[in-house]
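Chemist: how would this look folded up:
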Amino acid sequence: MKKSLLFLLCLLIINGVWSQIPSGYYDSAEGLTGDALKEALHEIIDNHYELSYDDLPELLEDTDEDPNNSNNVILLYTGRSQSKSSFGGGADDWNREHVWAKSHGDFGESKPCGTDAHHIRPTDASVNSSRGNLDFDNGGNYHSEATQCRYDSDSWEPRDAVKGDVARMILYMDVRYEGDNGELNLELVDAVNTDPNPLFGKKSVLLQWHEDDPPDDFERHRNDVIYGVQGNRNPFIDRPEFVDLIYDPSASIEEKAFDDDFSVVTYPNPAKDVLYISGNNVEGKKFKVTFINAIGSPVKTVENVSFDKRTELKINDLRIGAYFVKFESDNRAIVKRLVVNK
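Modeler: Numbering: from 1, shown residues only. A predicted model of the protein is given here:
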């Protein structure tokens, strides 16, 4: 099996399969939100090529290779660069960590959940044991070896540099495994102590981690390599705004309707550095414009905006992602969706 995986890796590298997101890969998901978007992404990433559990160490040597030392891998929770040859069961060896803990659904090391490389990372063996099957949340005591991680009786908080990575792996599992084709239905919930159910939390915290720690080159490289072998991608690494569009905070955003003859138009969408705004019947009004992120928190507010034929707002300080733009005047409000894509 090791030789067959190595051959596949070499063949895919030669053919340049993981050089970029394939053209049209997300076409069927464009313009969708909520459950419709989740279903479309599920269909895109479903039915991947299933590796064996024994294939994973060799694949992880490529997915998590230290960019500064090709003989080493980077361990998820400690951040330590460690020799690829030190894979094993000793306390300071590295082994395979199921980020969606395998007891949450009791899938063990079985295909497809237990061998899906999108949520399996190299970790220090003893740290892996400490993390165990804990849900993810903030707080607790600092770990003696993974000194930037914290934990308590029901949760684990990874180091800041990989919080977004962890969130996007859990989000991937929530979308990939929907209970069809005899597979488990894995669900993201806003709770801890979810073991042994096929549930994982804590949703609100993971969404915040995704927001605070966007994808980086290491994570994108990992996604490309896994795509080259499994044939599916983690969409939340490629398109971070999909998180906001599925896990919709709009229900928490109060909107009081204006008169029927009032309207606001925003463009372009997606936008990059500038958002243009125009409106009907807005003479003499002053608006407060608030940009609201994925978890319903205001991230930018502009006071006393007057609309002209084309009013310009600078948005170059906003991160890539999906937002709600709330326009308020005279105790009334209207909300528009906006995607920022640099």
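
Chemist: SS state for Arg337?
Modeler: Assigned by DSSP: H, G, I helix; E, B strand; the rest coil, the conformation of Arg337 is strand.

Chemist: For stretch 142-155, report the contacting residues that lie outside it.
Modeler: 77-79, 124, 126-127, 130-131, 134-141, 156-161, 192-193, 202 (C-beta atoms under 8 Å, 6 or more residues apart in numbering). Glycine gets a C-beta too; all of them are placed from N, C-alpha and C.

Chemist: and what of stretch 25-43?
Modeler: 44, 175-176, 178, 233, 235, 238-239, 242, 245-246, 248, 337.

Chemist: about what we covered before: mind checking which of the contacts of stretch 142-155 land in strands?
Modeler: Of those, the ones assigned to strands by DSSP state E are Asp124, Asp135, Phe136, Asn141, Trp156, Glu157.

Chemist: are any of these buried, and which?
Modeler: Asp124, Asp135, Phe136, Trp156, Glu157 (16 or more other C-beta atoms under 10 Å).

Chemist: Just the element for Ile44, please.
Modeler: Following DSSP states H and E, one finds Ile44 within helix 34-45.

Chemist: which pair in the buried ones among the ones in strands among the contacts of stretch 142-155 spans the largest distance?
Modeler: Between any two of those, the greatest separation by C-beta to C-beta is 20.1 Å, found for Asp124 and Asp135.

Chemist: List the strands paired with the helix or strand Asn71 falls within, with their directions.
Modeler: Using DSSP H and E, Asn71 sits within strand 69-74. Strands that pair with strand 69-74, judged by DSSP bridges, come out as strand 65-66 (antiparallel), strand 81-83 (antiparallel).

Chemist: May I have the secondary structure class of the spatially most central residue of the chain?
Modeler: In the chain, the centroid-proximal residue (C-alpha atoms, centre = their mean) is Arg168; its distance is 2.5 Å. When classified by three-state DSSP, Arg168 comes out as helix.

Chemist: residues contacting it?
Modeler: His210, Pro215, Glu219, Asn234, Phe236, Ile237, Val243.

Chemist: so how far is the helix or strand where the first one lies from its chain's centroid?
Modeler: For His210, the enclosing helix or strand under DSSP H and E is helix 203-212. Its chain's C-alpha centre lies 9 Å from the corresponding centre of helix 203-212 when counted by C-alpha atoms, centre = their mean, to the nearest Å.

Chemist: between the next helix or strand after it and helix 34-45, how many degrees?
Modeler: Proceeding N to C from helix 203-212, the next assigned helix or strand is helix 217-230, under DSSP H and E. Calculated by axes from the mean of the first three to the mean of the last three C-alpha atoms, to 10 degrees, helix 217-230 forms an angle of 60 degrees with helix 34-45.

Chemist: How about Ile334, nearest residue that isn't a chain neighbour?
Modeler: Distances taken as C-beta to C-beta, 6 or more residues apart in numbering put Phe327 closest to Ile334, at 5.2 Å, once the chain neighbours are dropped.

Chemist: Wasn't that neighbour part of a strand?
Modeler: Yes: assessed with three-state DSSP, Phe327 lies in a strand.

Chemist: got a list of what it touches?
Modeler: By C-beta under 8 Å, 6+ apart, the contact list for Phe327 reads Val264, Phe287, Lys288, Val289, Ala333, Ile334, Val335, Lys336.

Chemist: How much space separates Glu328 from Thr115?
Modeler: 50 Å (C-beta to C-beta, to the nearest Å).

Chemist: Tell me how many other residues surround Leu313.
Modeler: 16 (other C-beta atoms under 10 Å).

Chemist: Any figure for the gap between the residue lying closest to it once chain neighbours are set aside and Val299?
Modeler: Closest residue to Leu313 apart from its sequence neighbours, by C-beta to C-beta, 6+ apart: Leu275 at 4.7 Å. Distance of Leu275 to Val299, given as C-beta to C-beta: 14 Å.

Chemist: more crowded one of those two?
Modeler: Comparing Leu275 with Val299 by other C-beta under 10 Å, the one with more neighbours is Leu275, at 23 against 15.

Chemist: can you tell me the helix or strand for the more buried one?
Modeler: Using DSSP H and E, Leu275 sits within strand 274-280.

Chemist: Following the chain past that strand, name the next helix or strand.
Modeler: Note on strand 274-280: by DSSP H and E, the next helix or strand toward the C-terminus is strand 287-292.

Chemist: Can you pull out the residues in contact with that following strand?
Modeler: 249, 253, 277, 298-307, 313, 315, 318, 323-329, 338.

Chemist: Which strands and helices lie in contact with the helix or strand following it?
Modeler: For strand 287-292, the following helix or strand on the C-terminal side (DSSP H and E) is strand 298-305. When contacts are defined as 3 or more C-beta pairs under 8 Å, 6 or more residues apart in numbering; DSSP states H and E, strand 298-305 sits against strand 287-292, strand 311-314.

Chemist: Swap in 6 Å and give it another go.
Modeler: Packing partners of strand 298-305 (3 or more C-beta pairs under 6 Å, 6 or more residues apart in numbering; DSSP states H and E): strand 287-292.
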